[in-house]
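Trainee: Okay, structure incoming, though there's no sequence with it:
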């Protein structure tokens, strides 16, 4: 069916929703008039002419407001390093398809992780609590809430929560597909 030209005579004063009533009652009153217009083809050439002007204005202004830039955006580099926390140089990335893994790890109070190592480069941020990380050779680091950590790679170590609240750390692993992110010592 060909679109009818925008005929202002067909869109009469009576086709507007009544003023002063709540939105839901306007829609109930307005719905039969919309159906009549759809069947008759009125407003098709105008596109959105059947939508109440206030609603259309709200869409336009609200849509524009959503695209405003944030008043104040901050960006803080927490850590940038070529070395892990124990001073060892990070190894080159392994060949193959890169695979990123992000883990949120929670260690209960007075608990320790098993001794393990990471075959891939990883770094984290302690979100809550305190954590002590100890390598098999005896190197130790104490981190608190908000501290970043570039983890040791291919070094046996464990983390311990000596506090009274859970320690929660968010860790980002930059590995390759098929390579484990952690290996437990047997």
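Mentor: Structure received. Computed from a prediction, not measured in an experiment: that's the story for all the values here. Numbering: from 1, shown residues only.

Trainee: Just the element for residue 174, please.
Mentor: strand 167-176 (DSSP states H and E).

Trainee: Rounded mean pLDDT for the helix or strand just after that strand, please.
Mentor: Counting by DSSP H and E, the next helix or strand C-terminal to strand 167-176 is strand 183-184. What strand 183-184 shows for mean pLDDT is 97.

Trainee: Show me what strand 183-184 is packed against.
Mentor: Judged by 3 or more CB pairs under 8 Å, 6 or more residues apart in numbering; DSSP states H and E, strand 183-184 is in contact with strand 116-117. Where C-beta positions appear, they are placed from N, C-alpha and C, glycine not excepted.

Trainee: Name the surrounding residues that touch the strand it packs on.
Mentor: 152-158, 182-185 (CB atoms under 8 Å, 6 or more residues apart in numbering).

Trainee: For PyMOL, what selects the buried ones among those residues?
Mentor: Here is the PyMOL command that selects the buried residues among the contacts of strand 116-117 (16 or more other CB atoms under 10 Å):
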select buried, resi 152+153+155+157+182
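
Trainee: from the contacts of strand 116-117, which is closest to residue 105?
Mentor: Distance to residue 105, by CB to CB, is smallest for residue 182 among the contacts of strand 116-117, at 9.9 Å.

Trainee: secondary structure class for the closest residue to residue 142 other than its chain neighbours?
Mentor: Spatial nearest neighbour of residue 142, chain neighbours left out: residue 132 (5.2 Å); criterion: CB to CB, 6 or more residues apart in numbering. Per DSSP: H, G, I helix; E, B strand; the rest coil, the secondary structure class of residue 132 is strand.

Trainee: How much space separates residue 132 from residue 91?
Mentor: To residue 91, residue 132 is 25 Å away according to CB to CB, to the nearest Å.

Trainee: Repeat that for residue 117.
Mentor: 12 Å.

Trainee: which residues of this protein fall in strands?
Mentor: Remark: strands assigned in the chain by DSSP state E are 98-107, 111-112, 116-117, 121-128, 130-135, 140-144, 148-150, 157-161, 167-176, 183-184.

Trainee: what comes into contact with the fifth one?
Mentor: Contacts of strand 130-135 with the rest of the structure, by CB under 8 Å, 6+ apart, involve 85-86, 107, 140-145, 149, 151-152, 155-163, 167, 169.

Trainee: List buried members of the residues you listed by neighbour count.
Mentor: Buried among the contacts of strand 130-135 (16+ other CB under 10 Å): 85-86, 107, 141, 143, 149, 151-152, 155, 157, 159-161, 163, 167, 169.
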